[in-house]
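# Predicted coordinates and the sequence they were generated for:
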Amino acid sequence: MGKKTIEPQFQAQIDHKEAKGATSLGVKTSHTWHVDPRRLLFSFSRYKFVSKMFAGRRRVLEVGCGDAFCSRIVQQTVETLVAVDNDPLFIEDAIERMDEDWPFEAKTHDILTGPVDGDFDGAYALDVIEHIPPPKTDLFLTNIRRSLTQEGALIIGLPSLSSQQHASELSRKGHVNCMDAPDLKTVIERHFRNVFIFSMNDEVLHTGFHPMSQYVFALGVMPQAED
């Protein structure tokens, strides 16, 4: 006989753990939980925004998924999710932890080398573009755009340039391409005909004063035609 909770409404949680075990965090997510647990809340909130914007989409691509721990938040609202990252160690970790009840395709792919095959109607990249060398920004966006259908949409999220004065030294070393809202909008408009900008401070999404935003989203719709 298994363990019994004091209040019966919680019994399903104990039964689930005994049947399937406890879920382990991804390699990146686990590190965050140890060094800065509040940051997980911010990450979850960013993925929730994508999940709401892309709810009901048929086939969605995540570029730069890392360990893909947060990806399930988007997977919950779309029909099919494909997650790619250029680091095989993170993809290996994601596949090792794959839950049979939440299967998705995770594979190694460097978006700077070319598009991802799959006929996607949505794509997103969170905390990725700031790591792309500025001369390769348009290559990065071009290859994502070429992965999309003509009805596809793109969400890009990154720390604002204004926020970098408060970032750690380690973060600043990797953040070579941060942008504030006006510059991000200009960049995305080179690839999408309509671009909508949102801001985030901690886990709070808003459309307020952009220079005080810690994080910026661009939602691009209607991909530009190829030259």
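Arrived safely, thanks for sending.
# Okay, strands next: where are they in the chain?
59-63, 80-85, 105-108, 120-126, 148-159, 192-201, 204-206, 215-223 (DSSP state E).
# Relative to Asp183, which of those strands is closest?
Nearest of the strands of the chain to Asp183, taken as C-beta to C-beta: strand 215-223 at 9.4 Å. (Glycine included, C-beta is placed from N, CA and C.)
# residues of the lengthiest helix in the chain that come out buried?
Longest among the helix segments of the chain by residue count, using DSSP state H, is helix 38-53. Judged by neighbour count (16 or more other C-beta atoms under 10 Å), helix 38-53 contains these buried residues: Phe42, Ser43, Ser45, Arg46, Tyr47, Lys48, Phe49, Val50, Ser51, Met53.
# Without its sequence neighbours, what residue ends up closest to the second one?
Same thing as Ser43. Nearest non-adjacent residue to Ser43, counting by C-beta to C-beta, 6 or more residues apart in numbering: Cys70, 5.4 Å away.
# Tell me, how many residues neighbour that neighbour?
Cys70 has 24 neighbouring residues, counting by other C-beta atoms under 10 Å.
# circling back to that earlier point, want to throw the strands of the chain into CSV with mean pLDDT and distance to Phe140?
Formatted as CSV, the strands of the chain follow (pLDDT from 0 to 100; distance: least, C-beta to C-beta, whole Å):
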stretch, mean pLDDT, distance to Phe140
strand 59-63, 98, 8
strand 80-85, 98, 13
strand 105-108, 98, 17
strand 120-126, 98, 8
strand 148-159, 97, 9
strand 192-201, 97, 14
strand 204-206, 96, 24
strand 215-223, 97, 13
